[in-house]
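Enquirer: pasting a predicted model and its sequence here:
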Amino acid sequence: MGSEYQLAEKPTIDALVSIGYDFVPKAAQGGLRDGENQVLFRPHLVEALQRLNGISEADAQAAYAELITKSDNQEWLALLRGSFSRPVSGQPTEKTLRLIDFATPANNEFTVTTQLYVKAEKSRIPDLVVHVNGIPLVVIEAKSPLVAKSKTGEAFDQIKQYERDIARLFYTNLFNIVTDGTTVLYGATGAPSKFYGYWRDPWPRDEKEFTSELQKGLWSLLEPSRLLDLLAHFIVFETDPDTGTTIKKACRYQQFRAVNKVVDRVVQGKHDRGLIWHTQGSGKSLTMVFLALKLKTHLTVPDGDLANPNLMVLTDRIDLDDQISATFQACGLPNPVSIDSVADLHKHIHSGVDGLTVLSTIFKFAGSKSPIPNSKNWIVMVDECHRTQEKDLGAYLRATLPEARFFGFTGTPIKKNDKDTYANFGVVGEGYLDKYGIDDAVRDGATVPIHYTGRKTDWQIDDAKIDILFDNWFADLPDEEIARIKERGVTVADLVKHPRRVELIAFDIWTHFKAYAMPDGFKAQVVAIDREAVVLLKRALTKVIAEDLAKGGMAEADAWTQADAYAACVYSKSQEDEKPSEDAHEHGVRKDLLAWYLDKEREREAKRAFGKRGQPPHFLIVCDKLLTGFDAPSESVMYLDKPLREHTLLQAIARTNRVADDKKHNGLIVDYIGVSNKLDEALESYRADDVQNAMKNLDELRSLLRTAHAAVMAMAKGAKRSGKTLDQQYHALVELLRPEDKWIEFRRKAREFIGFYQALSPDPSALAFTADLKWVANFLRFATISIEKKESIDHTAYSEKIRAMLEEHLDATGLSVTFKIRSITDPEFDQDFDTSGKSEEDLKTAAIKKTTELKKEVQVRIDNNPHQYEKFSDRLKQLLERLESNQIAWAEWLKEAEAFAADLKAEANAHEGSGFTKTQYGVHQVLLSIAGDELDGDGSAPLAVDLELVYATAPSQWQEKSELRKDLRKGVRVKAHAAGLRNPVLNQTVEQVEDYALKHMAKG
């Protein structure tokens, strides 16, 4: 067994067996499946159907036959949760059949098996598969090592490959796990690797109870009762109402923990309240969805403990109500009702009906004082609960629902002196029932960190010096105008909207955005102080963009049209907007407020377009709207020109913290108003621990870049760079990074350095590291080929801001030729074998490149036809071992590799002169590989012709028709049996001939 088995696969099996799983060895798989193309363990499922439902074996077998036809993952989740009904003998109506016993985990059969070969057009063999009652629920890929922080590595690639090539295994799949024996990461079916996560907290157990991260991760996800809880309540399919795209989502550990704390509290009845702080961007709305799902269906909780509760979800803003309502609807929660009016609210809550799920704003409770009779059966979830205690709204709510259970949710921490929120939602002495703070979310990758930078000091507004600033900035105004403004009182808004300041800020925004965010298609919000400032900034920004586009050669009219589309304005309408004004400035502002106002549908369209990278609008200019409850991963920067404080500030800046892709390392707040100069003052109402990392000074990122640079260059110190060619430098560093664990450490540090550089660029502080960035980034490509013998990554994972720079460096140094991996059919493939006139470094580089190309070529051919090309695998392995051990000179190795490549090419035409057609020859190779010892004399040759003819004469699209494929397999079996083949060789021949035919003889 290889190192991956010893280091990752076997410890995983041992850990699962220790928590109640039975191990199914590879040899036992055949007796549990109808064939290698099937993934359900039939005996286990049939026995479970009988055991859990009290039906006959015949009915269980019929149920199995129906289940095996199901091919939709979302449908399977519903079936697993109890929606499978069908006729059974002795009953006049359909019977609901349980596939899982959620209430009693021990009444189910939990197994793990290894190396489950799944036959398909491209057959694959996952490392481990977890079945429950014969149904495969989790695929585990054990690969060493994982690049866990950046979510890269072969394990992630293989999961994607399995989902594509052996889709049948994923019809029933809940989630997948990748592990290297230490790290455990999981992701929902179909999830990109960036959304795989750790399960950090094994609540209710303590981390110290586990001896390793592997044990902790596997217990947290796969301990039988927890796996059933995840299956029952913590996986949803969310459909985007605009695009119709459906995404499967699995909970994170903080959501699982918070939901179960609330459910435990409801069941135990000791306390009727709890306060949950899950920081913005960490999935708070989904936490409420999972909680609603468990409270409503409670499959793992006895019915008597929860009965049939009514749920109410309350917000204090229409946009948040819309957002949560949309999330509940999109996730398919049972019958959520959105309340339209006060009358509608009272109709539902006074109906006396139980089992309701009601979504409303708290304002609809205003004036309500009459208690409803069944308030004890109501569970209320209040979003942004600290705001619902304002005025008398909280009192009206509790007067109407005096015996209800109340659970408050917030995306921002509760202020130190907010006694009402703690009193109404918290238990004395408890604080938060569950807390998932800013640092937790950043550490887990649930959000990106937020950094800030202040712009020119003379643009910023100091309240204490407002009169002095006014006298300086407005000195050119007529005396009577100055007197008029001073008489009504100088405001911050007067200074913020100074025409020259607006022009300068618009120019700065565009210049910064064009270099910082736009290259990667990211977007920005501009936060203005009021609606008039929205108009002024829109005008100024359109002008500066149009002038820039025209300067680049665009026709002036086109430049203005395009610039106008770059920014959309989102604000609330006012009745004043339609009134005429004798003041020309005021009249112009009102006119533009009417022209740029977006009604509900057009605002929705603007937000939808803003969420799409690389297309307009690139800016949303706002003053109050979209500062809460607006999720746009495309937003990477906020230009702040409005004095915000406390929760308004925390909520606004969090618009930039959503995860997008590897190119988004952080959110950035560009502060024009001076909030960052008094950040402690703006957030002084909160406990310091809760908000200390809400926004970090960009200086910290600069420091992290310096530290990351020092770390990676320290590891490269032994590779002298002066007086050597780049090839020589890179070869020296490769030798320095042996054994492999040193290379892995270097790669991790190098990626951190590149990440911090990307996050800062185009900040001038990054310029000092540009030369080393080019050297390190291109070395990663070189070393991937040299050390791992794999095709190197290109620069697509990097920001556009640095990608062109790296490619230019490659071309200038000549390394681009080294990184170009050619196919063996490429006319230029043989050029690298030429050894004449090459230095030792050139020969070494050529040898490294050819190993990568030949390794890739052999693997592709083996995947395509293993029986014909498997013989090249061991030969290549020996060739690579000689290269690695320095047993042979580079020039000599290239000659041997050239001979190997020639034989590999020749094999493609081996059928010529054999008397076979190409496909007959392929079938013949299958027979020789499987049944060579079973066939008499030259019996394999005529049999190969006969078997090939079965598929050559098959109707078109035979590969798409299961019944026809069954008939073709039967035809192969009859002919092979007549030729003398017997089981198990006979079965193998039937399967492998079909596998070959699917790859090479499919018909359109």
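Expert: Alright, I've got the coordinates.
Enquirer: name the nearest residue to Pro499, sequence neighbours excluded.
Expert: Nearest non-adjacent residue to Pro499, counting by CB to CB, 6 or more residues apart in numbering: Leu536, 7.7 Å away. The way it works is simple: take the backbone N, C-alpha and C, and place the C-beta from them, glycine included.
Enquirer: what's the answer for Phe753, then?
Expert: Nearest one to Phe753, counting by CB to CB, 6+ apart, is Ala708 at 4.1 Å.
Enquirer: thought Phe756 was touching the one you found, still the case?
Expert: Yes. Using CB atoms under 8 Å, Ala708 makes contact with Phe756 at a distance of 5.1 Å.
Enquirer: pick out whichever of those two has more residues nearby.
Expert: The neighbour comparison of Ala708 against Phe756 (other CB atoms under 10 Å) goes to Phe756, with 23 against 20.
Enquirer: now do the same contact list for that one.
Expert: Counting by CB atoms under 8 Å, 6 or more residues apart in numbering, Phe756 makes contact with His665, Leu701, Leu704, Leu705, Ala708.
Enquirer: quick one: the last one from Thr279, how far?
Expert: Okay, so that is Ala708. 26 Å (CB to CB, to the nearest Å).
Enquirer: next: the second one.
Expert: Shown here: Leu701 relative to Thr279, a distance of 20 Å by CB to CB.
Enquirer: do the first one as well
Expert: Taking CB to CB as the criterion, His665 is separated from Thr279 by 18 Å.
Enquirer: and the two? Which one has more around it.
Expert: Thr279 (27 against 20).
Enquirer: how about the strands in the stretch 451-600 of the chain?
Expert: 523-527, 567-570 (DSSP state E, counting those that start in this stretch).
Enquirer: helices or strands up against the shortest one?
Expert: This points to strand 567-570. helix 531-551, helix 600-610, strand 619-622 (3 or more CB pairs under 8 Å, 6 or more residues apart in numbering; DSSP states H and E).
Enquirer: show me what counts as buried in the second one.
Expert: For helix 600-610, burial by neighbour count (16 or more other CB atoms under 10 Å) applies to Glu603, Ala606, Lys607, Ala609, Phe610.
Enquirer: so which elements touch that helix?
Expert: Looks like helix 600-610 contacts strand 567-570, strand 619-622 (3+ CB pairs under 8 Å, 6+ apart).
Enquirer: equivalent analysis for the last one, please.
Expert: Based on contacts counted as 3+ CB pairs under 8 Å, 6+ apart, the elements that strand 619-622 packs against are strand 523-527, helix 531-551, strand 567-570, helix 600-610.
Enquirer: may I ask which helix or strand of this structure has the lowest mean pLDDT?
Expert: helix 815-819 (a mean of 55; mean pLDDT, DSSP states H and E).
Enquirer: got a list of what the closest residue to Lys844 other than its chain neighbours touches?
Expert: Nearest residue to Lys844, sequence neighbours excluded (CB to CB, 6+ apart): Trp890, at 5.2 Å. With contact taken as CB under 8 Å, 6+ apart, Trp890 is in contact with Thr835, Glu840, Leu843, Lys844, Ala846, Ala847.
Enquirer: distance of Trp890 from Ala902?
Expert: Taken as CB to CB, the span from Trp890 to Ala902 is 19 Å.
Enquirer: ok, now Ser885?
Expert: Taking CB to CB, one finds Ser885 at 24 Å from Ala902.
Enquirer: tell me which of those two has more neighbours.
Expert: Ala902 (13 against 8).
Enquirer: mean confidence for the longest helix belonging to the chain?
Expert: Across the chain, the longest stretch assigned as helix under DSSP state H is helix 840-864. The average pLDDT for helix 840-864 rounds to 77.
Enquirer: the next helix or strand after that helix packs against which elements?
Expert: Counting by DSSP states H and E, the next helix or strand C-terminal to helix 840-864 is helix 866-869. Judged by 3+ CB pairs under 8 Å, 6+ apart, helix 866-869 is in contact with helix 840-864, helix 890-908, helix 918-931.
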